[in-house]
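Colleague: Sequence plus predicted model, see below.
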Amino acid sequence: VHRLRSVDNLFVVVQEFKDYQFKENKEDALKDLEDLVKKLPWTDPLKVWELNNSLKKKKTKRKKHNLQSTASREKLNDDGEEEGGDQKDASKQEDCAQNTAGVEPVSSQDTEKTQGVASRNGGEEEEEDNEQSDAKDELQAGSGSETKAGDGKTSEGEAKVLKFRVTCNRAGDKHSFTSNEAARDFGGAVQEHFQWKADMTNFDVEVLLNIHNNEVVVGIALTEESLHRRNITHFGPTTLRSTLAYGMLRLCDPQPTDIIVDPMCGTGAIPIEGATEWPSCYHIAGDNNPQAVKRAANNICSLLKKNENKESSTSLGIPLDIVQWDICNLPLRTGSVDIIVSDMPFGKRIGSKKKNWDLYPACLMEMGRICTPGTGRAVLLTQDKKCFAKALSRMGHIWRKGQTVWVNVGGLHAAVYLLKRTWERAEEKRSFW
């Protein structure tokens, strides 16, 4: 499950309440949350948490083992065979993971029911910032000695008092309490129930209390930090999450030898994710902002260094190039590109809504020119949906809309459009409006 590329966070659901009736009085509502702790079925979710932890420990041990010199590794044939087996298992898991990620992984809100694990959309977390208790201020009520979770023993066979925290994400305007208050009181009840020790920073268990209007989900986190924190080391004002970038790429179904272009790459999140996950395609990234091109180049360098540090002695590099160019006048031959994937300017932090009315149709025309007629496709993300729809209606002769996936980007309701290239030839110059 940890190998799923379009999922931000993982947690095991303790219990879900679709229509939880909160009392109007604050004290009564919080008292109900406290009483809820004793009624929840904690045993199986805590077993999943223990299993998840044991797998993480094994991974860490294997990393330490790999630091041995190559000479000593050659002598340990058994270990070498074991490592090979692990790699095979990993590739099998990856295949399995990609199959379970669903047809529309872009939303990264898929609930991985087959694994008994749910994913949290990072975008939602940002959207709920208005009431998302600052995780660090909440009374972090946390994990406890496993006396009630299972047999009360750690892997060493000795009882250990676990440290825990409670994180509450709350959205909705009909609650009489804040997320901090909910986390504090729910955490106190968890502490009393399990006899765990609260620790807001060095916790073993993170209990999640997600409240969205009348929907309540209690869970236990399986990831320490969001899985989107990969590949990117140099961030810009609008860096796209790697998880969303993966979903967009997967939506256009890249095939070996496809040429994939991101003409407005920013810090390079999409092409870097593409080159990492689809190394049999060739990826070209470009932007008109020299600072963005520099950040993308730094991110590529960081990825190459990370690959060099891995145990493999041969570093093959990644099939990706970065160029500074003008989106409306790309230095690419007509019909030479198979796939275009790009995060278009929303007109908020970068550009403006007014400029988008000229930029969007010009972009779609130039993208249509470089894209292969008949088989070419484009996956474009934007929050300026009205402007995009208007531009697309003017470009209907070269682009057909295939699918729309709604996504949450930092609290903004955005859309990912899958476009198919028609057989019609794109004109070099055209009056858009």
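Modeller: Alright, I've got the coordinates. Fair warning: this is a prediction, and the values are worked out from it, not measured in the lab.
Colleague: which residue packs closest to Ile339, ignoring adjacent ones?
Modeller: Leaving aside its sequence neighbours, Ile339 sits nearest to Ile260 (C-beta to C-beta, 6 or more residues apart in numbering; 4.5 Å). To be clear about C-beta, it is placed using only N, CA and C from the backbone, and glycine gets the same treatment.
Colleague: Quick check: phi and psi on that neighbour?
Modeller: For Ile260, the backbone dihedrals are phi -120, psi 130 (criterion: degrees, to the nearest 10).
Colleague: Neighbours of it, how many?
Modeller: 25 (other C-beta atoms under 10 Å).
Colleague: confidence score at it?
Modeller: Ile260 is assigned 97 on the pLDDT scale.
Colleague: and it, what does it touch?
Modeller: Contact analysis of Ile260 by C-beta atoms under 8 Å, 6 or more residues apart in numbering lists 249, 254, 271, 274, 278, 281-284, 337-341.
Colleague: Out of the residues you listed, which is nearest to Leu364?
Modeller: Nearest to Leu364 among those, counting by C-beta to C-beta, is Ile340 at 9.9 Å.
Colleague: Packing partners of the strand or helix carrying the closest one?
Modeller: Applying DSSP states H and E as the criterion places Ile340 in strand 339-343. On a contact count with 3 or more C-beta pairs under 8 Å, 6 or more residues apart in numbering; DSSP states H and E, strand 339-343 meets helix 242-251, strand 259-262, helix 269-277, strand 377-382.
Colleague: ok, and the closest non-adjacent residue to Asp258?
Modeller: Once flanking residues are discounted, Asp258 sits nearest to Asp338: 4.1 Å by C-beta to C-beta, 6+ apart.
Colleague: Report the mean per-residue pLDDT for the strand holding Ile340.
Modeller: 96.
Colleague: which element follows it toward the C-terminus?
Modeller: Next helix or strand after strand 339-343 toward the C-terminus (DSSP H and E): helix 353-370.
Colleague: what angle sits between that following helix and strand 339-343?
Modeller: Orientation of helix 353-370 against strand 339-343 (axes from the mean of the first three to the mean of the last three C-alpha atoms, to 10 degrees) gives an angle of 170 degrees.
Colleague: neighbouring contacts of helix 353-370?
Modeller: With C-beta under 8 Å, 6+ apart as the criterion, helix 353-370 contacts 261, 263-264, 327-330, 332-337, 340, 344-345, 347, 351, 378, 382, 384, 387-388, 390-392, 394-395, 398-399, 421, 426-428, 430, 432-433.
Colleague: Recalculate using a threshold of 7 Å.
Modeller: Helix 353-370 is contacted by residues 263, 327-328, 330, 332, 334, 336-337, 340, 345, 347, 351, 378, 384, 387-388, 391-392, 394-395, 398-399, 421, 426, 430, 432 when judged by C-beta atoms under 7 Å, 6 or more residues apart in numbering.
Colleague: got the residue ranges for the strands in this protein?
Modeller: Applying DSSP state E to the chain gives strands spanning 9-17, 111-112, 117-120, 163-171, 197-198, 205-212, 215-221, 259-262, 282-287, 320-324, 339-343, 377-382, 399-409, 412-421.
Colleague: partner strands of the strand holding Ile340, parallel or antiparallel?
Modeller: Sheet pairing of strand 339-343 (DSSP bridges) gives strand 259-262 (parallel), strand 377-382 (parallel).
Colleague: Figure out which of the ones you listed is closest to Asn169.
Modeller: Nearest of the strands paired with strand 339-343 (C-beta to C-beta): strand 377-382, 24.0 Å.
Colleague: Now do the same contact list for Ile259.
Modeller: Taking C-beta under 7 Å, 6+ apart, we find Ile259 in contact with Tyr282, Ile284, Ser336, Val337, Asp338.
Colleague: shaky segments in the stretch 1-150 of the chain?
Modeller: 1-8, 56-150 (pLDDT under 70).
Colleague: follow-up on the earlier one: relative to Ser176, how far out is the residue nearest to Ile339?
Modeller: Distance, Ile260 to Ser176, by C-beta to C-beta, to the nearest Å: 51 Å.
Colleague: Asn202 too?
Modeller: Distance from Asn202 to Ser176, counting by C-beta to C-beta: 33 Å.
Colleague: the more surrounded of these two?
Modeller: Using other C-beta under 10 Å as the criterion, Asn202 and Ser176 rank with Ser176 on top: 14 against 8.
Colleague: shouldn't the more buried one be in contact with Glu27?
Modeller: No - look at Ser176 against Glu27 with C-beta atoms under 7 Å: they stay out of range, at 8.9 Å.
Colleague: Residues that sit against both of these two, list them.
Modeller: With contacts taken as C-beta under 7 Å, 6+ apart, Ser176 and Glu27 have no neighbour in common.
Colleague: mind listing the helices in the stretch 101-250 of the chain by residue range?
Modeller: With helices called from DSSP state H, counting those that start in this stretch, the stretch 101-250 of the chain shows them at 122-127, 179-194, 242-251.
Colleague: can you pull the pLDDT of the closest residue to Leu332 other than its chain neighbours?
Modeller: Leaving aside its sequence neighbours, Leu332 sits nearest to Ile370 (C-beta to C-beta, 6+ apart; 4.6 Å). With respect to pLDDT, Ile370 has a value of 95.
Colleague: Ile370: neighbour count?
Modeller: Neighbour count of Ile370, defined by other C-beta under 10 Å: 21.
Colleague: Compare the strands paired with strand 339-343 and give me the one nearest Val293.
Modeller: The closest of these to Val293 is strand 259-262. By C-beta to C-beta, the value is 11.9 Å.
Colleague: Ser176: what's it in contact with?
Modeller: Neighbour list for Ser176: Glu24, Asn25, Lys26, Ala29 [criterion: C-beta under 7 Å, 6+ apart].
Colleague: Next one: the first one from Ile284, what distance?
Modeller: Distance of Glu24 to Ile284, given as C-beta to C-beta: 58 Å.
Colleague: does Ile340 really touch Val261, like I thought?
Modeller: Yes - contact criterion C-beta under 7 Å: Ile340 and Val261 qualify, at 5.3 Å.
Colleague: count of neighbours near Thr43?
Modeller: Counted with other C-beta under 10 Å, the neighbours of Thr43 add up to 11.
Colleague: ok so, going back, need the strands of the chain in TSV (columns: distance to Val190).
Modeller: What follows is those, written out as TSV (distance: least, C-beta to C-beta, whole Å):
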stretch	distance to Val190
strand 9-17	11
strand 111-112	24
strand 117-120	19
strand 163-171	6
strand 197-198	9
strand 205-212	6
strand 215-221	10
strand 259-262	45
strand 282-287	46
strand 320-324	46
strand 339-343	40
strand 377-382	39
strand 399-409	29
strand 412-421	34
